[in-house]
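> 3D model of this:
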Amino acid sequence: MKATYQEIYQAWQSDPDGFWADAAKSITWNKPYDNIRDDSRAPFYSWFPGGEVNVCYNAVDRHVAQGRGPQTALIYDSPVANVKQHYSYQDLLEKVSKLAGGLASLGVTKGDRVVIYMPMIPEAVFTMLACARIGAIHSVVFGGFADTELAKRIDDAKPKIIVSASGGIEPTHQVPYKPLLDSAVTHARHKVDHCVIFERPGLEVDLNGPRDIDGHHLMDNADPVPCVPVASGHPLYILYTSGTTGVPKGVVRDSAGYMVALSWSMPHVYGVESGDVYWAASDIGWVVGHSYIVYAPLLQGCTTVLFEGKPVGTPDAGTFWRVIEDYHVNVLFTAPTALRAIKREDPAGDHVRKYDLSSLRSLFLAGERADPDSIKWAETHLSRPVIDHWWQTETGWPAAANFAGLELMPVKYGSAGLPVPGYEICILDDHDRKRPAGETGDVAIKLPLPPGCLPTLWQKDDHYQTSYLADHKGYYATGDAGFIDADGYVHIMSRTDDIINVAGHRLSTGGIEEAVGAAPSVAECAVVGMKDDLKGMVPLAFVVLYPGNSAAPEAIAKEVITVVREKIGPVAALKTVIPVKRLPKTRSGKILRATLRKIADHEEFVVPATIDDPCILDEIRRNLTQHGMD
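Numbers count the residues shown, from 1 in each chain. Purely as a prediction, here's the structure:
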């Protein structure tokens, strides 16, 4: 009989050291740790001090040593490149150990940084693991990122080398990386020793010797090297997230604590065991790609899927279900945005019924708030548990969830589930007082954060404290707003700066979006607060309609406003609804609400470096002008 959530969470509460000591048995230690946690430098806590580990050994070598070498470790599926490849754990060991030897031959040693600027190709995964193998600290930057933003990350991380590819492939065009890389290297103050370039078929480039190195030649001709043990707290990677000042914040991830947390999450949160096929439909440029494309599945001895494509358009809204059928995927993890895109193109679920999904046990959603309508759509057509859960780049692994590996709790639509063991989540007001059940406030996590979460920002301890620890004493401020209901379920409603004050009423834009999304014509939406002389702020809704909907804007607005009044009441004061063809999003699928808000208020703004298509902003401006809001 499976353990219950209450049993597991109480076990952590009653004996946290014992809980994490038991979890730490899941990984192989080169040297045992002295203590569970070191509080001597609080709030800069460290986990498993005195221990030594190697992440690559735990993710690759030990599975081969235990006889799992022939098992498929990595499946590469690229509808945009028309390529499918399988790599066993033995294949992975051979390629990673040789690439690690190649990096070492270029002078990369323990503690050196390596920037990885690559698309979703196997060599990107090989490079991440090769860095971990020799103790180098990798920093993945989304392939195709603007040269100015790449230069900022080069100057901050100060890498010895950059590993890149000749280009990326989108559904409609190719994206040459070499000109962007050359420009970034030229403009960065910090100068790298070498750029290692993996050429892709049809995207050949000229290498600038002696700086540029052919990646395939380097990997194929190097001598393999063994794993280098590192201290428990040794940084595995730096992952940059945009800062409010325009200066990127480098989230640091340690080695041992991260492995322990990820290894605990796979069987308990996701219900995944060794040998299962796990697919996180994300990108290695984001935290989901780090944690749940690369490290967690391989630590668990799973087969992980590396997918280079889109949820729609490569070639249609059935591509996710095709991948599940082809590789017998057991668990899928994707973003609500991807699910909404599929639902918008296939509202009746016709594509779902074309494929054999008998292997699929559950679907997990995270990245931004999952709207209840999309969850219900997936439940109806998949007949599987659809589990929303919540975490951040900074936490590195789930903070609130329902638990596929335990006895599943009842689903509450709009909730991200219950706190994960290790996290004491609280809802606080501006004076650090806990808000009553059901009342919205700042979502905060009591210190110390559990293993796997960021210990600090890269070379910016002061910035770490001011960014995350200054708002609420003794707590990590998540930057999210929400509430905890009477049953303990966590509801993440919006970012704290998306709470709007309408005539003295504090309203969550996430709650209004939930109501707007319930309108029959609305496939996707975003709600932002707009300045108003009378009420202080009022909500403004941008809506994307289902294909084929030709209703007049006035009729759409009336429909949406009626639904919002029914679900929230007139206090919401929604009066303006703007139909748009698309919403501005980051490459990871998050809606750029702050940018929408600035456009609506006629404020100056910088086009976000992470935006997927800047042309969408021009369309937004035109639509606002057509509605008399210029």
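> Val607 sits in which helix or strand?
Secondary structure from DSSP states H and E places Val607 outside every helix and strand.
> right, and it touches Pro614 too?
Yes: taking Cβ atoms under 8 Å as the definition, Val607 is a contact partner of Pro614 at 5.3 Å. Just so you know, the C-beta spots here come from the backbone N, C-alpha and C atoms, and that holds for glycine as well.
> what segments of the stretch 301-450 of the chain are helices?
319-327, 336-345, 372-382 (DSSP state H, counting those that start in this stretch).
> domains in the protein, by residue range?
For the chain, automatic domain parsing gives the domain ranges 5-309+389-482, 518-626.
> switch the helices of the stretch 301-450 of the chain over to TSV; also include mean pLDDT.
Below are the helices of the stretch 301-450 of the chain laid out as TSV (pLDDT from 0 to 100):
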stretch	mean pLDDT
helix 319-327	98
helix 336-345	91
helix 372-382	95
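> lowest-confidence stretch among the domains of the chain?
Mean pLDDT across these is lowest at domain 518-626; the value there is a mean of 85.
> and that domain, end to end?
25 Å (Cα to Cα, to the nearest Å).
> number of residues surrounding the closest residue to Ala59 other than its chain neighbours?
Excluding the flanking residues, the one nearest Ala59 by Cβ to Cβ, 6 or more residues apart in numbering is Leu298, at 3.9 Å. Residues near Leu298, counting by other Cβ atoms under 10 Å, number 25.
> so Leu298, which of the three states?
Under the three-state scheme (DSSP: H, G, I helix; E, B strand; the rest coil), Leu298 adopts helix.
> any idea how far it is from Val272?
Noted for Leu298: a distance of 12 Å to Val272, by Cβ to Cβ, to the nearest Å.
> export the domains of the chain to a markdown table and tack on distance to Lys343?
Shown next, in a markdown table, are the domains of the chain (distance: least, Cβ to Cβ, whole Å):
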| stretch | distance to Lys343 |
| --- | --- |
| domain 5-309+389-482 | 15 |
| domain 518-626 | 7 |
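> pick the most buried one from those.
Across the domains of the chain, averaging neighbours per residue (mean count of other Cβ atoms under 10 Å) puts domain 5-309+389-482 on top, at a mean of 20.
> tell me who's in contact with Lys344.
Residue 344: Arg, not Lys. By Cβ atoms under 8 Å, 6 or more residues apart in numbering, Arg344 lies in contact with 312, 523-524, 544, 546-547.
> let's see 10 Å
312, 317, 374, 522-524, 544-547 (Cβ atoms under 10 Å, 6 or more residues apart in numbering).
> again with Lys110
Lys110 neighbours (Cβ under 10 Å, 6+ apart): 134-137, 228-231, 234.
> of those residues, closest to Asp38?
Ala231 (11.5 Å; Cβ to Cβ).
> for Arg253, see how far away the residue lying closest to that closest one once chain neighbours are set aside is.
In this structure, Ala231 finds its nearest non-sequential neighbour in Glu52, 6.0 Å apart by Cβ to Cβ, 6+ apart. Separation of Glu52 from Arg253 (Cβ to Cβ) stands at 17 Å.
> please apply the same query to Gln392.
12 Å.
> host element of the residue of the chain most remote from its centre?
In terms of distance from the mean C-alpha position of the chain, Leu534 ranks first, at 39.0 Å (Cα atoms, centre = their mean). Using DSSP H and E, Leu534 falls within no helix or strand.
> now swap in His217 and tell me
helix 215-221.
> got the CA coordinates for that helix in PDB?
Output in PDB follows, covering the C-alpha atoms of helix 215-221 (Å, rounded to 0.1, in the frame of the first residue of the first chain):
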ATOM      1  CA  GLY A 215      33.200  19.700 -31.800                       C
ATOM      2  CA  HIS A 216      32.700  16.400 -33.500                       C
ATOM      3  CA  HIS A 217      36.500  16.100 -34.200                       C
ATOM      4  CA  LEU A 218      37.300  17.000 -30.700                       C
ATOM      5  CA  MET A 219      34.900  14.400 -29.200                       C
ATOM      6  CA  ASP A 220      35.800  11.600 -31.600                       C
ATOM      7  CA  ASN A 221      39.600  11.900 -31.200                       C
END
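> so which elements touch that helix?
Here helix 215-221 touches helix 89-105, helix 122-134, strand 161-165, strand 194-198, going by 3 or more Cβ pairs under 10 Å, 6 or more residues apart in numbering; DSSP states H and E.
> quick one, the first one and strand 194-198 angle?
I take that to be helix 89-105. 150 degrees (axes from the mean of the first three to the mean of the last three Cα atoms, to 10 degrees).
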